[in-house]
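**Q** attaching a predicted model along with its sequence, questions to come.
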Amino acid sequence: MTQFTASSAAPPTTGSILVAEDEEDDVLLIQRAFKKARVANPLHVVRDGQQAVEYLAGAGPYADRQANPMPVMLLLDLKMPRKNGHEVLEWIRAQPTPLRRLPVVVLTSSREAPDVNRAFELGASSYLLKPVSIDGLVQVIQTLNMYWFIMGAVPEVNE
Amino acid sequence: MEGAGGGTPGGWRWVLLIAIVVVAVLSGLFSIFAVTRFRAAEAWVQHTITVQAQLETIRTRLLGAESAQRGYLITGGQGELDQFHARAAEVMVPIDAVRMLTRDNPSQQRRIAEVERLARGRLEHLEATVRLRASGEQDAAIERIRRGDGKLLTVEVLRLTEEGIAEEARLLEARNRTASATGTIATVLSAITLGACVALVVLGVVVSRDLVRANEATRAANAQLERRVQERTRELQDANQGLESFGYSVSHDLRAPLRSVHGFASALREDYSEQLPAEGVAYIARIQAAASRMDQLIQDLLNYSRLSRAQVQVRPVSLTKAIEQALAQATPPAGTPPPVDVRVGPDLVMAESVVLTQVLTNLITNALKFTRPGESPRVAVTSVMQAGVVRVSVRDEGIGIDPEHHDRIFRVFERLHNTEQYPGTGIGLAIVRKGVERMGGRLALESAPGAGSTFWFELPSGEAA
């Protein structure tokens, strides 16, 4: 059944990825890294935790699902204004299916134990560290793509 | 009790207490002894009086026998004769009694023997006159009395018993004196005992009141200590919280601009290097190198601060495995393993495995790094056991360290060389020292310029645990 669904559904690699990141520079670098890593998934960007919640809920300016499609993955920064990454994660896991099963990959520069532990307690799918160099970041994105979209499978999130 | 030491205030009370107890016990024992003696002396007084009374009885009975003889000689009646025999028979009873009572007195014994002899002679004499009167020879009997030899015996008995009574009187006086003296001593000793007991009670009250007060003081001090510990703990928790949030902001905020610097320098080089002179490209490389170094600094600082506040719980850890991991970390990506000679003797040490690996990695990396230009490094890691403690040494034959710098190299951000000569953040050895300290170990350095360096640390052996 899973096999059938996975093969018959639209290939997940084409699904969009939502990036929740408040640093403009980081957004530019992430976009550049995706390009360099040749990952084709379209990127949608929200600039804080509150916007991330609104986007996923299809609320306010994000009601139009044509322009703001439901992502197949959330790349989540932890330290953001209004709502931090942990709060966004907690909110997602408290939603009804299918939204609650959205893969959430934390992408942060903090390897502090409280950050990591809390993220996994709240149901993070993965925890990746932002390297300082762009080459490092490209590697991270390539690995992410390889693991999740080429070698692995992501669940259905669209209603 | 420690109070008996005398050095503490109130020590004199314990000395006094012991002194009073000794006095009470001794005077109590002696007064018991004295009372016993007093009662013995009193018994002797009683005894003496009894002897005197018996001596007196001898005299009255002998004279009684004499007057009964006279009565019979005059009347010749059967009643008077019976009277005489009865009296004569009674005379020997008190003599026997005195002999018994004065067994311990030789002069009295001699005297009573003489009294007995004389009394028997006298009684025989009386007997003889009575017999003459019974056979009708009344004149012969009277003639016998008139001769006076019988009377002489009586006089002698009276004299001797008088002497005996006088001697007993002397003894009585002496024994009275003894009885009186022992009585006085017993009284005095009893009084002392009583006094000591009263003093003991008073002192007991004083001491117990002191103890109660001391207890209260201790309890108050403990409560205050408890409060201060709690306050201090709260302060430490606050400080720890502060450090944690510091680490948090360093992790998140300090690195973001660094990524921008590095990332956009990269983008500049990749996208526009053709439009830049070689010098411009070199500058970009410098910007990137600086950003990388800064990132390493931040990482080391975070490691150091994490080590300072993390809970470090030691348990037996394999040194061999920790060294293997450290060597893997010291190996550059896709490089060959570093030339390190590992000779592990005792293997198990009490440590925290992550911290131990970090300590070893930093020491090995350092040992490999500080070689003379053009020379290849030679590093040895060994462990030996000394009295339950394992000493792990990391020895190199590199440039060595002047003894005047031996202390400062363990401080955060201390460096002896510029980063072109030997790259590094200046935190590695600070982490080593902090790590060894947190695991309860000891760290030292033996080195001189040109003679290589030996860093060693000691941790308790994990064999027994």
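**A** Yes, it's here. Numbers count the residues shown, from 1 in each chain, chains lettered A, B, ... in the order given.

**Q** doesn't B:V349 fall inside a strand?
**A** Yes. With DSSP: H, G, I helix; E, B strand; the rest coil as the criterion, B:V349 is assigned to a strand.

**Q** so what's it bridging to?
**A** Beta-bridge partners of B:V349, counted by DSSP bridges, are B:V317, B:S461.

**Q** contact partners for it?
**A** B:V349 makes contacts with B:P316, B:V317, B:L319, B:L356, B:S383, B:V390, B:V392, B:L459, B:P460, B:S461, B:G462, as judged by CB atoms under 8 Å, 6 or more residues apart in numbering or on different chains. Where you see a C-beta, it was placed from the backbone N, CA and C, and this is true even at glycine.

**Q** give the contact list for the last one.
**A** Contact analysis of B:G462 by CB under 8 Å, 6+ apart lists B:R315, B:P316, B:V317, B:L348, B:V349, B:M350, B:A351.

**Q** now with 10 Å?
**A** With contact taken as CB atoms under 10 Å, 6 or more residues apart in numbering or on different chains, B:G462 is in contact with B:314-319, B:346-351, B:390.

**Q** swap in B:S266?
**A** If a contact means CB under 10 Å, 6+ apart, then B:S266 has A:L29, A:R32, A:K36, A:S133, A:I134, A:D135, A:L137, A:V138, B:I284, B:I287, B:Q288, B:A291 as its contacts.

**Q** the first one contacts A:I134, doesn't it?
**A** Yes. A:L29 lies in contact with A:I134 (CB atoms under 10 Å); the separation is 6.1 Å.

**Q** can you put the contacts of B:V349 in JSON lines and add distance to B:R111 and pLDDT?
**A** As requested, the contacts of B:V349 are exported to JSON lines (distance: CB to CB, whole Å; pLDDT from 0 to 100):
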{"residue": "B:P316", "distance to B:R111": "103", "pLDDT": "91"}
{"residue": "B:V317", "distance to B:R111": "108", "pLDDT": "90"}
{"residue": "B:L319", "distance to B:R111": "109", "pLDDT": "89"}
{"residue": "B:L356", "distance to B:R111": "110", "pLDDT": "90"}
{"residue": "B:S383", "distance to B:R111": "107", "pLDDT": "88"}
{"residue": "B:V390", "distance to B:R111": "102", "pLDDT": "90"}
{"residue": "B:V392", "distance to B:R111": "108", "pLDDT": "90"}
{"residue": "B:L459", "distance to B:R111": "103", "pLDDT": "90"}
{"residue": "B:P460", "distance to B:R111": "98", "pLDDT": "89"}
{"residue": "B:S461", "distance to B:R111": "99", "pLDDT": "87"}
{"residue": "B:G462", "distance to B:R111": "102", "pLDDT": "83"}
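
**Q** let me know the closest of the residues you listed to chain A.
**A** Within these, the smallest distance to chain A is 18.3 Å, found for B:L356 (CB to the nearest CB).

**Q** and of the contacts of B:S266, the nearest to A:T14?
**A** Nearest to A:T14 among those: A:K36, at 19.5 Å, using CB to CB.

**Q** surely that closest one is in contact with A:D135?
**A** Yes. The criterion here is CB under 10 Å, and A:K36 meets it with A:D135 at 8.6 Å.

**Q** overlap in contacts, these two.
**A** Taking CB under 10 Å, 6+ apart as the contact definition, A:K36 and A:D135 share the neighbouring residues B:S266, B:E270.

**Q** may I ask which helix or strand of chain A has the lowest mean pLDDT?
**A** Taking mean pLDDT, DSSP states H and E as the measure, the helix or strand of chain A with the lowest value is helix A:2-8, at a mean of 40.

**Q** pull out the buried residues from the helix or strand following that helix.
**A** Using DSSP states H and E, the helix or strand that directly follows helix A:2-8 along the chain is strand A:17-20. Within strand A:17-20, the residues that qualify as buried are A:I17, A:L18, A:V19, A:A20, counting by 16 or more other CB atoms under 10 Å in any protein chain shown.

**Q** can you tell me if strand A:17-20 touches chain B.
**A** No. Among the residues of strand A:17-20, none lie within reach of chain B under CB under 10 Å from any CB of the partner chain; the closest is 14.2 Å away.

**Q** the very next helix or strand once past that strand: which residues count as buried?
**A** Toward the C-terminus, strand A:17-20 is succeeded by helix A:24-36 as the next helix or strand (DSSP H and E). Taking 16+ other CB under 10 Å as the neighbour-count basis, helix A:24-36 is seen to contain the buried residues A:D26, A:V27, A:L29, A:I30, A:R32, A:A33, A:F34, A:K36.

**Q** nice, that's everything, thank you.
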